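**Q** Take this sequence and fold it.
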Amino acid sequence: MKELKSVLFILGFIVFSACNIYAKEITVLYTGNTHAMLYPCSCPIEQDGGIARRGSMVKELRKKSPGLLLLDCGSFTAGGLMDEYTQNTLLDMQRTEVNLKAMELMRYDAVGISSDEFNFGKDFFLKNAGKDGPAFLSANLESDKVTPYIIKQVSGTKIGIIGLTGLSAGQKSEGLKVNPPREMGQLVGRLKNEGVEVVIVLSTLGKKEDLDLISKIKDIDILFMGYNPVKEDLEPKVGSTFIVHPFWQGRKLGKLTLDVKNGKLLTCKVEEIRLSDKIADDPDILAILPRCYSDANCKKDGLMGNCQNPGELKANCLFPKPNKLKLTVISAKDCVVCNTEPILALLKKQFPGISAEYIDLKRAQKLVKDLSIKTLPAYIIGKEVENESNFDSFKNNLELIGGVYMLKPQIGGISYFIGRQVKKGSLDLFFSIFDKDAAGVLSVLREFNPALHFLAVGNYKGFSAKNGTPEVEECLRGVCVQKYYPQKFWDYLICRAKNINSSWWEDCLQGADTLKIKACARGPEGALLLNENIALNKEVEVSFSLSYLLDNYQMFSSRGTPDRKELREIIKK
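**A** The predicted structure is shown next:
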């Protein structure tokens, strides 16, 4: 019997050890800065968002990860300067309460608290903080309706979630004190002593205060910065702390995938999930969601309607009959890459009464000359479009020329250059070696032997590129390799694309004089070669990868690694 107990003890030890050896995957979904945005945005394109779509997506992800965490970084309240859809206090308060009810139905675990949560005063805040639903978190806001932190157990891992409120909230909180977070170090230490393996902070302090906080407290694993960042703020990690920002107005749902091993957070993968019109609305949320709060919520197939009984469950949208609009599309019979369907769908969505008439380039010579059209397809709409209800929101995509409106080429796309010299059999590729698919793209394109153009920009100061100095240096080395070792050029580029973050570029150029390449890349010779390489970029106004110029006058693009067969068909046509 003693031997049996011994065996069981050993087996138990092995099982316990195995649980600690293998990394555990944990899912965290998050929002923030929604400002009680209940409906999809009224953007010209990508009309994403809406709590009913979000509810559907959360349910779908819960099926795959039943123990996931669902968090909000704060600013979930309507009203205030950042709320584009604010109307009046009563409707904004109603919208906030519908938003919180929807968050309760989605089973949010916790929310952070920003100054926006006091847009309607202390009593409104306390009433909602005291309801069933997500925990209202703040370690520096004094209120018995708020808790400093919660601890959740997910996949056998203890996760501590702390809230921090920006000090500006104290100006609106009507006597509720908001203190500087001086005790955070002790609080994080206490959580770690209680066996918490991952510490998450939902902060609305502000960028400077957040960075100061994580510089002093090293045990914060993930920091949600609950403000609307600019591009320069998007640092994925500072020190040992992963930095996460929410998505504006809930147009996307954020997803973190955490790998935890031996009580340590190893990786934090961030995903952006678009809440597009392909996602069905959740019926449970639709049951509590008024049809509209304003006319801005009454959009259907490009029609702008009138909101009746706003904010009530009996609210309804009335849609007028669409006006007829004529659209003239100029294209060319020999354009094998012209695809007008996506743009027509976009215009139809904006202006439901629009109907298209196609004119071939040969028949449209006078119109092309009068309107100075340089590229195709061209989309022309009469001035009567100014009478459309959503013209103001779309007019930045149009330009007024000769008494008619034309869709800007950067919106309609450029597929064909009028009057450009035809060079049968030529193929140019505009690409960045930093693209994640660059190695695969180059491997496929090699058999077609296109002329390669790096995506750099030259100016009087030198060169610039999307990925900064490292990409400029890669471009300069690339043109020098092409000049001195043309037989190694493709192999070098493919090798570098596979190891773009490695500084050991010489390993991709075995048997070559690397000192010669360095001297070329660092001197005026490299600059001259790169200027020659990118001259065509400016000529055809290419700024994104992957773009192709076929026969010197037809342009198309692709995403990811292109299909060889499809590419052969395009070139053959």
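**Q** Next secondary structure after the helix or strand hosting Gln365?
**A** Here Gln365, judged by DSSP states H and E, is contained in helix 365-370. The element immediately downstream of helix 365-370 (helix or strand, assigned by DSSP H and E) is strand 375-376.
**Q** which secondary structure elements does whatever helix or strand comes next after that next one contact?
**A** Counting by DSSP H and E, the next helix or strand C-terminal to strand 375-376 is strand 378-381. Counting contacts by 3 or more C-beta pairs under 8 Å, 6 or more residues apart in numbering; DSSP states H and E, strand 378-381 packs against strand 325-331, helix 341-350, strand 404-407. Bear in mind the C-beta positions are built from the backbone N, C-alpha and C, glycine included.
**Q** Which of these comes out lowest on mean pLDDT?
**A** For the helices and strands packed on strand 378-381, mean pLDDT drops lowest on helix 341-350, to a mean of 89.
**Q** mind listing what's buried in that helix?
**A** Across helix 341-350, burial judged by 16 or more other C-beta atoms under 10 Å covers Ile343, Leu344, Leu346, Leu347, Lys348, Lys349, Gln350.
**Q** Next, the distance between the ends of stretch 495-515.
**A** Counting by C-alpha to C-alpha, to the nearest Å, you get 19 Å between the two ends of stretch 495-515.
**Q** just to revisit the earlier point, between the buried residues of helix 341-350, which sits nearest Pro148?
**A** Lys349 (47.1 Å; C-beta to C-beta).
**Q** wait, isn't Cys317 in contact with Pro290?
**A** No: the criterion here is C-beta atoms under 8 Å, and Cys317 misses it with Pro290 at 10.6 Å.
**Q** For the two, indicate the residue with more neighbours.
**A** Pro290 (21 against 17; other C-beta atoms under 10 Å).
**Q** if I look at that one, how far off is Cys307?
**A** For Pro290, the distance to Cys307 equals 9 Å [C-beta to C-beta, to the nearest Å].
**Q** Common neighbours of the two, please.
**A** The contact sets of Pro290 and Cys307 overlap at Ala315 (C-beta atoms under 8 Å, 6 or more residues apart in numbering).
**Q** Need phi/psi at Val111.
**A** With angles defined as degrees, to the nearest 10, Val111 sits at phi -130, psi 150.
**Q** Would you agree it is in contact with Met103?
**A** Yes: the pair Val111 / Met103 is scored as a contact, 7.3 Å apart, by C-beta under 8 Å.
**Q** Need the overlap of contacts for the two.
**A** Counting by C-beta under 8 Å, 6+ apart, the residues touching both Val111 and Met103 are Asp72, Phe76, Pro134.
**Q** Format those as CSV; extra columns: secondary structure and distance to Asn297.
**A** Shown next, in CSV, are these (DSSP: H, G, I helix; E, B strand; the rest coil; distance: C-beta to C-beta, whole Å):
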residue, secondary structure, distance to Asn297
Asp72, strand, 22
Phe76, coil, 18
Pro134, coil, 25
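**Q** of these, closest to His453?
**A** Asp72 (44.8 Å).
**Q** how near is that closest one to Pro134?
**A** Taking C-beta to C-beta as the measure, Asp72 falls 7 Å from Pro134.
**Q** hmm, back to that, okay, Val111 and Met103: which has more neighbours?
**A** Val111 (28 against 23).
**Q** how about the nearest residue to that one, chain neighbours excluded?
**A** Asp72 (4.2 Å; C-beta to C-beta, 6 or more residues apart in numbering).
**Q** wait, isn't that neighbour in contact with Met103?
**A** Yes: using C-beta under 8 Å, Asp72 makes contact with Met103 at a distance of 6.9 Å.
**Q** Let's have the buried residues of helix 341-350 in a markdown table, adding distance to Thr27.
**A** A markdown table is the format used below for the buried residues of helix 341-350 (distance: C-beta to C-beta, whole Å):
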| residue | distance to Thr27 |
| --- | --- |
| Ile343 | 38 |
| Leu344 | 39 |
| Leu346 | 34 |
| Leu347 | 39 |
| Lys348 | 38 |
| Lys349 | 34 |
| Gln350 | 37 |
